[in-house]
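Asks: need the 3D shape of this:
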Amino acid sequence: MNTVSSTFTVRVPKKLKEKMRKYPVEWSEEVRRFIEARVRQLELAETIRNVGKKAEGRKVTVDSTGLIREDRER
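Replies: Reported below is the predicted structural model:
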């Protein structure tokens, strides 16, 4: 993990906090891992959208029936 960090505060309902105390879980680490995974998902989705946009300009329309017929004749 990076040595440089910043604080991120989350407010949870009191009842939820009480339930959380029942379990020996390092909640800050759980939240940190969730945020890291979610950011990776969002970055991947953004990359896929960008690739899709770039690919749209390169789309070539081909009559596939002609290609299929040509292939069958071989």
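Asks: for the rest of this, base every contact and every neighbour count on C-alpha atoms.
Replies: Fine.
Asks: quick check: longest helix of the protein.
Replies: What stands out as the longest helix in the chain, according to DSSP state H, is helix 27-56.
Asks: output the lowest mean pLDDT helix or strand found in this protein.
Replies: Within the chain, confidence by mean pLDDT, DSSP states H and E is lowest for helix 64-73 among all helices and strands, at a mean of 81.
Asks: quick one on the thing from earlier: I'd like the average pLDDT over the longest helix of the chain.
Replies: What helix 27-56 shows for mean pLDDT is 93.
Asks: begin at 56 from now on, thanks
Replies: Yep, numbering from 56; the last one is helix 82-111 now.
Asks: by contact count, what packs against that helix?
Replies: Helix 82-111 sits against no helix or strand, with contacts defined as 3 or more CA pairs under 8 Å, 6 or more residues apart in numbering; DSSP states H and E.
Asks: sorry, back to before: buried ones in the least confident helix or strand of the chain?
Replies: For helix 119-128, the buried set under the neighbour-count rule, 16 or more other CA atoms under 10 Å, is empty.
Asks: how far does it sit from its chain's centre?
Replies: Here the centre of mass of C-alpha atoms in helix 119-128, compared against the chain's by CA atoms, centre = their mean, to the nearest Å, lies 39 Å away.
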